[in-house]
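[1] only geometry, no sequence info:
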């Protein structure tokens, strides 16, 4: 899960960039799903949540050229507008029950 | 999404309580799924993530007797051990893209 901060007037652009994304992650071994969540109370808070079969599959993707390419495609203007809220902006969780 | 803090030695108890839960929420109109996530880096951080068709369905459940009953079942010792990390411990998001 990555927590992003973006100015209110940029919030829709960020979602749009995601909707028009390259869609490379979907083909990676172990990928489950990927969603973007926007806070009801604070539209400047946007979470990118991806789920994976296991941590190794996630790490494999993070090291891949596809991951780098996905990020390189983001409009530099938008990229500068996105703040990573905290240093620990990417946090990983294990699904321990469902 | 509710963010809970629990002492490390209570973390497994919390997960166990969830696994043995009454399972009432599953029958509510508009329920999609429910998972418990534990941080890889900090086992004291546990997220309960439920997804709903829309906000109304979620609010309907939150007002229901089933929701109250689910909470009443939690062992008081465990309940006291759980800290809600922040006042805004329950945060709602809209899924804006997937």
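    Cool, got the structure. As the structure is a prediction and not an experimental result, all values here were calculated from the model.

[2] Residues touching the host helix or strand of residue A:67, excluding its own?
    Here residue A:67 sits within helix A:65-72, counting by DSSP states H and E. By Cβ atoms under 8 Å, 6 or more residues apart in numbering or on different chains, the list of residues contacting helix A:65-72 from outside reads A:21, A:22, A:24, A:25, A:28, A:61. Backbone N, C-alpha and C define where each C-beta goes, glycine included.

[3] Need the pLDDT of residue A:88.
    Here, the pLDDT recorded for residue A:88 equals 50.

[4] min pLDDT across the contacts of helix A:65-72, which one?
    Lowest in pLDDT among the contacts of helix A:65-72 is residue A:22, which has 75.

[5] For that residue, which three-state class applies?
    coil (DSSP: H, G, I helix; E, B strand; the rest coil).

[6] quick one: buried residues of stretch A:48-65?
    Within stretch A:48-65, the residues that count as buried by 16 or more other Cβ atoms under 10 Å in any protein chain shown are A:48, A:49, A:50, A:51, A:52, A:58, A:61.

[7] among these, which two are most distant?
    Between any two of those, the greatest separation by Cβ to Cβ is 14.3 Å, found for A:49 and A:61.

[8] hang on, the earlier thing: among the buried residues of stretch A:48-65, which one lies nearest to residue A:12?
    When the buried residues of stretch A:48-65 are compared for distance to residue A:12 (Cβ to Cβ), residue A:48 wins out at 15.4 Å.

[9] so what's that closest one bridging to?
    Residues in a beta bridge with residue A:48, per DSSP bridges, are residue A:2, residue A:36.

[10] wait, it sits on residue A:1?
    Yes - between residue A:48 and residue A:1 there is a contact under Cβ atoms under 8 Å: 7.0 Å.
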